[in-house]
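# Using only what follows, build the 3D model:
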Amino acid sequence: MSKTLLVLFFILNSFISGLNAQNQIEKSDLNKQDQIVTNLIESSVSYRGTDKKLSVEICEKAIKLAEKEQADSLLALALKTQGINYYLLSDDDSSKLYYEKAVSKFNEIGNLIQAGKVLGNIGLIYKRRGEYTKALEYYLKEIEIFSEINHTVGLSSIYINMGSLANTMGNTSRAGEYFNSALKLAEKENNIADQISALNNLGAIYESQDKFHEALDAYEKSLKIVLNSGNSKMESTLYLNIGLIHRRAKAYDQAESYLKKSFDIRKLRGNHEELLGVYNEMFEVALAKEEYIKARRLIGSMQDLAEMNGDYEWLGDVYQGYYNFYSAIHNYKLALESYEKFRTIGDSINDALNKERYNELMVKYDVGQTKQEMVLMAQETRIQGLELDKKNAWLVAMLVIMLLGVIAIVVSFRINKLKAEQKFMNLDQKVLLSQMNPHFLFNALTAVQSLVLDNESDKASLYLSDLGTLVRNILEDSRKEKISLSQELITLEKYIDLQKLRFNFPIEFRFDIEENIDLDELSIPPMLTQPFIENALVHANLQQVEKPEVLIKIELLDPNFVAFSIQDNGIGIEEGKKQSLMKENKSLAMQIARDRIQIYNYKSKFQMKLEIIDLKYVDQNKQGTLARFTIPTQA
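Below is the predicted model of the structure:
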């Protein structure tokens, strides 16, 4: 009640006093409604971790009540909360819709800080979709608003997001500029969290460029800040990162010292995934130092921990570690047994997926059979009607025979067509599975998980975005008979970026594309090139080469044919067979690629050609494998 009403209370008659009392009750009820909206918003946020759909339902009630009570500030907050809820549900369209409503409402009430933050959230949606130009556009809008109102506290976080975006687009130089700008702002505002994030991202960029001295400097500065903050999880992550860089720089004693510090902290924390990560690095150091007894003990501890927690992703890495260990001590029998166990884990999941796909096709086939039976029943009903209407039995019999003959021909033709379609569907499914086999997904997700454990969530989010884009592209392309060459190259680049996460050594990929090729006009069958790149990565043993390299070359032979060449400088076909790995590790993707070429040549008068050459037979001074295939431009 205002001071004016309090004065009037003492001088006005009882009627006015009663009216004022009624107004006070109404105001109290309105405040109570505001509190209910606030409680609903808080409840919606609390349910995000357990029941995201319920979180959406609760927030929708908050929005409706805020609209009814005309509580604009609470309505803007509820709209933003709902946008976040839908973002966590991966419903980008709904999330963007609510974010845009929230921006409008925040601008209406003059809360420019919140309006800017929501614009940044919209940028995150576009970044997840892979629409990086649009994401950058919204980040710049957020910077413009914060600069106008001199809100420097939020600018460092935006620069970190822009740096991550530039790094994803392959512009590491620009990314470094953004991270350095974020670091300066965070230091000025004493923003500890953004200082750590900027330094860690700078360290990751330097590490990817093999600039070990600069990476160590960034990580050590971050560690100094973290030691004062008491964040034990981040402390252990930085010890692990620093140890990893020392290992890559072959400074094994320093690596061992930092890894032990990380291990001691993570042992107290008790998180098995964190422990497995540091165990793995300690094993690699012991193996590099040829301390084989210690390496055997560490890989055994990894196996026990992975089996105890049922972590099959890490268990696959354990068997790969056993393979490296037994190979190092020249026990090739146990090395092959370890490799077989490593492969079995992926194969068992692959078999389950194959069974699921088979059951899906059987359901579709049964539905088709049911429709055919219904057609036959309808035909029989018509025939029975004719028999009742016709007096001439002979004519009815002839009609029945003719109808049955036609039905038999149609059904036979349809069955044959279905069998042919089913064969090609099965082939398409195999191609799809060969592109995104479970082992590749496990390794990609394990790498992303490692980034999350290292508190590099922005980098992990970008890689997940790339993985989602790659899966979506493959699902879309696998249903098309042909796609543009530019689209094929985009999918290949995404695939290569994610495959780099699997290997602890750098591989250089080079594209050599003839200038007179129109990438958008030329159409080719989708996903033909990927199996040959996969073959180079998996079977060429590039880790044995000093400077591993894969060259993808595209050239126009004449107006009628375009040639694709995938050349690596690995150990070559003959040497691979000598090492006994190629005998039992036949490439399923390569076989499917050959089947696709064979089927295409069967259907078309324009023939594809494929040849795989061991380069040492071409030039004794060279090593590696060249896979070359030609595609008719009519494709």
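# For the closest residue to E521 other than its chain neighbours, give the beta-bridge partners.
Nearest non-adjacent residue to E521, counting by C-beta to C-beta, 6 or more residues apart in numbering: S484, 7.6 Å away. Bear in mind the C-beta positions are built from the backbone N, C-alpha and C, glycine included. Note on S484: beta-bridge partners by DSSP bridges are S523.
# contacting residues for S484?
L519, D520, E521, L522, S523 (C-beta atoms under 8 Å, 6 or more residues apart in numbering).
# Am I right that the third one falls within a helix?
What that stands for is E521. No - under DSSP: H, G, I helix; E, B strand; the rest coil, E521 sits outside any helix and is assigned coil.
# Please report how far it lies from L556.
Going from E521 to L556 by C-beta to C-beta, to the nearest Å gives 12 Å.
# Give me the phi and psi angles of L556.
phi -90, psi 110 (degrees, to the nearest 10).
# wait, it sits on I513?
No - taking contacts as C-beta atoms under 8 Å, L556 lies outside contact range of I513: 10.0 Å.
# quick revisit: more neighbours, E521 and L556?
Comparing E521 with L556 by other C-beta atoms under 10 Å, the one with more neighbours is L556, at 17 against 10.
# and the more buried one, what are its bridge partners?
V562.
# Quick one: residues contacting it.
So L556 contacts E514, N516, I517, V562, A563 (C-beta under 8 Å, 6+ apart).
# let's see 10 Å
I513, E514, E515, N516, I517, D518, L522, V562, A563, T633 (C-beta atoms under 10 Å, 6 or more residues apart in numbering).
# can you pick the most crowded of those?
Counting by other C-beta under 10 Å, top hit in the contacts of L556: V562 with 21 neighbours.
# Against K553, how distant is it?
Taken as C-beta to C-beta, the span from V562 to K553 is 11 Å.
# which residues do these two both contact?
With C-beta under 10 Å, 6+ apart as the test, V562 and K553 both reach E514.
# Work out for me the element the closest residue to N324 other than its chain neighbours sits within.
Excluding its sequence neighbours, the residue lying closest to N324 (C-beta to C-beta, 6+ apart) is L287, at 6.5 Å. In this assignment (DSSP states H and E), L287 forms part of helix 272-288.
# Take that helix, keep the C-alpha atoms, and write them as CSV.
Output in CSV follows, covering the C-alpha atoms of helix 272-288 (Å, rounded to 0.1, in the frame of the first residue of the first chain):
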residue,chain,number,x,y,z
HIS,A,272,36.5,-44.3,-13.9
GLU,A,273,36.4,-42.5,-17.3
GLU,A,274,38.8,-39.9,-16.1
LEU,A,275,41.1,-42.6,-14.7
LEU,A,276,41.0,-44.5,-18.0
GLY,A,277,42.1,-41.4,-19.9
VAL,A,278,45.2,-40.9,-17.7
TYR,A,279,46.0,-44.6,-17.6
ASN,A,280,46.0,-44.6,-21.4
GLU,A,281,48.6,-41.8,-21.5
MET,A,282,50.8,-43.4,-18.9
PHE,A,283,50.7,-46.7,-20.9
GLU,A,284,51.8,-44.8,-24.0
VAL,A,285,54.7,-43.2,-22.1
ALA,A,286,55.8,-46.5,-20.7
LEU,A,287,55.6,-48.2,-24.1
ALA,A,288,57.7,-45.3,-25.7
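# What mean pLDDT does it get?
Averaged across helix 272-288, pLDDT comes to 89.
# Please identify the buried residues of that helix?
272-287 (16 or more other C-beta atoms under 10 Å).
# Following that helix in sequence, what is the next regular element?
helix 292-308.
# got the angle for that next one vs helix 272-288?
160 degrees (axes from the mean of the first three to the mean of the last three C-alpha atoms, to 10 degrees).
# Show me the contact partners of helix 292-308.
So helix 292-308 is contacted by 256, 272-273, 275-289, 291, 311-322, 324-326, 328-329, 338 (C-beta under 10 Å, 6+ apart).
# ok, A335 touching S327?
Yes - A335 is within contact range of S327, at 4.6 Å (criterion: C-beta atoms under 10 Å).
# More neighbours: those two, which one.
A335 (20 against 17).
# Let me know the average pLDDT across the helix or strand that one falls within.
Using DSSP H and E, A335 sits within helix 332-389. Helix 332-389 comes out with an average pLDDT of 59.
# Could you do stretch 618-630 as well?
For stretch 618-630, the per-residue pLDDT averages 82.
# list the buried ones in that stretch?
Q623, G624, T625, L626, A627, R628, F629, T630.
# could I get the residues you listed as TSV with distance to E574 and secondary structure?
Formatted as TSV, those follow (distance: C-beta to C-beta, whole Å; DSSP: H, G, I helix; E, B strand; the rest coil):
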residue	distance to E574	secondary structure
Q623	10	coil
G624	11	coil
T625	10	strand
L626	14	strand
A627	15	strand
R628	18	strand
F629	21	strand
T630	25	strand
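# with the residues you listed in mind, which one is nearest to V411?
F629 (39.8 Å; C-beta to C-beta).
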